[in-house]
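let me see the structure of the following:
(one chain, ligands or ions: 2)
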Amino acid sequence: MDKKHLNDCFAHDGAMLTHDQALGKLTMGLTPINETCNIALDDAVGEVLATPVTAPRNIPAHTNSAVDGYGFSFANYDIQVGSLLPVTGMMAAGSALEGTAERACAIRIFTGAPVPESYETVVMQEDVELVLTSQGEQVKIPAGLKCGANVRLAGEDVREGATVLAPNRRLSPQDLAAIASSGADSIECYRPLKVAIFSTGDEVIRPGTPFEHGKVYDSNAAMLRGLVAKTGASCDDLGVLPDDAALIEAALSKAAQTHDILLTSGGVSVGELDFVLEALNKLGSVHLWKIAIKPGRPMSFGQIGNCLMLGLPGNPVAAFLCFLLYGQPVLTVLSGQNWHPPLRYKVRSGFSMNKKPGRREFLRGVLEHQEGGEMLVNKYARDGSGLISSLTEADGFIELGEDVVDVKQGELVDFIPFGSFGL
Ligand code: AMP
Ligand code: MG
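Ligands and ions are numbered 1, 2, ... in the order given. This is a model prediction of the structure:
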């Protein structure tokens, strides 16, 4: 990496940012990685396309039949009463014309076979009658067909030279179909991001180890590994760091050499034992952001050399939300993808509550199907950003904007289903 990812607009005077301001700074101020590699089409699902794919020829290349039927020329067709035409040839997909395709006649034609120059219209085989006469086989074409019916024009999917697929998108199976249609069997993609995650805290132990009094199993690492994997990045889980300034500093410094971004959880509040920020400050630059959201912990964001770092809160609910709100856009932009805000839906509220103005609140929302098909969203029964069960039971986040001062049962609220984050 020879480019600095972060530009100066991340520097911040410490004033409270709104959610939109924070997101704007994150997504506008980042430069994508600039390393690309050639990826075989077969391996390309989930990769991020770096250069446009263009059509070297029309797609489809030939004007061809959309159905199994009979090809003929509209000039020899009576739209009022239909026509009886001799069948003089046959065209199968992928084969040359057998017989002839004279203008005054018709040919048997199959789906995908190029339509001979003398014709431009095809009638479906289900709609014709075949008549055997002394001159051979004739086809009785019904009245009312349109000129060009049942024919796919050359280039109607993509014109020669036009863009088949624009870059900066994560490739879906259907994208691969489009690339294949151009004939390319490999494409230029951004190399996958290398992400490292750390949990922090003397009380945090790994699942699978014996429980000890006063400890808590590391939930964040498993969750963050999964969240990172969903973005297409590779993820190294570098374990739990104790609350020890020197050890944290050494671990972050080492990981920063070989990763594009470090994600830590815990140790970023103002508690005496929160050493992550201290370490980041020593090693590089910290931009500690106070964002007017709830659950709202200061999100720390910074850089060690060319490696970005995102310091997520320790509480699993806050870590989850902060990753989705800020980590996901950062990884998306850094990986070379265009970032789009998650889709929000208006859903009727099943609850009433008062809210402080001036900050954006994200409540865990549980959907309830009403009789008659309408959907309600309820607030998860308990608050508490350590309640991991709230995440497994919720269907998404209810988002209450800065201006909202109360919610009344029955009114429409913004709901972001977890599916909008690709979960
Ligand atoms: P901290 O931000 O380090 O003060 O942590 C806030 C709360 O989150 C504390 O109750 C921690 O025990 C808890 N916590 C921190 N890291 C994790 C983790 N990896 N898994 C589960 N809980 C955690
Ligand atoms: Mg801690």
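
could you use CA atoms for every contact and neighbour count after this?
Will do.

buried stuff in the helix or strand in which residue 390 is found?
With elements taken from DSSP states H and E, the one containing residue 390 is helix 388-393. Applying a neighbour-count criterion of 16 or more other C-alpha atoms under 10 Å, one finds 390-391 buried in helix 388-393.

going on from that helix, what's the next piece of helix or strand?
Along the chain past helix 388-393, the next helix or strand (assigned with DSSP H and E) turns out to be strand 396-400.

how far out from the middle of the chain is whichever helix or strand comes after that next one?
Counting by DSSP H and E, the next helix or strand C-terminal to strand 396-400 is strand 406-407. A distance of 32 Å separates the centroid of the chain from that of strand 406-407, by C-alpha atoms, centre = their mean, to the nearest Å.

leaving out the residues flanking it, which one is nearest to residue 130?
With sequence-adjacent residues excluded and distances taken as C-alpha to C-alpha, 6 or more residues apart in numbering, residue 130 is closest to residue 139, at 4.7 Å.

wait, residue 62
The spatially closest residue to residue 62, leaving aside those adjacent along the chain, is residue 154, at 4.6 Å (C-alpha to C-alpha, 6+ apart).

ok so the one you found is a strand residue?
No: the assignment for residue 154, made by DSSP: H, G, I helix; E, B strand; the rest coil, is coil rather than a strand.

was I right about residue 299 contacting residue 286?
No: distance between residue 299 and residue 286: 10.4 Å, which falls outside the contact criterion (C-alpha atoms under 8 Å).

kindly list the main-chain dihedrals of the residue nearest to residue 130?
phi -110, psi 130 (degrees, to the nearest 10).

which residues does it bridge with?
On DSSP bridges, the residues paired with residue 139 through beta bridges are residue 85, residue 130.

quick one: contacts for it?
70, 84-87, 106, 128-131 (C-alpha atoms under 8 Å, 6 or more residues apart in numbering).

and if we set it to 10 Å?
By C-alpha atoms under 10 Å, 6 or more residues apart in numbering, residue 139 lies in contact with 70, 83-87, 105-108, 125, 128-132.

show me what from this structure comes close to ligand 2.
Remark: the part of the chain in contact with ligand 2 comprises 201, 266-267, using C-alpha under 5 Å from the ion.

kindly reformat the residues you listed as TSV containing neighbour count.
Putting the residues of the chain next to ligand 2 into TSV (neighbours: other C-alpha atoms under 10 Å) gives the following:
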residue	neighbour count
201	21
266	23
267	24
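
tabulate these (JSON lines), appending pLDDT.
Converted to JSON lines, the residues of the chain next to ligand 2 look like this (pLDDT from 0 to 100):
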{"residue": "201", "pLDDT": "93"}
{"residue": "266", "pLDDT": "89"}
{"residue": "267", "pLDDT": "82"}
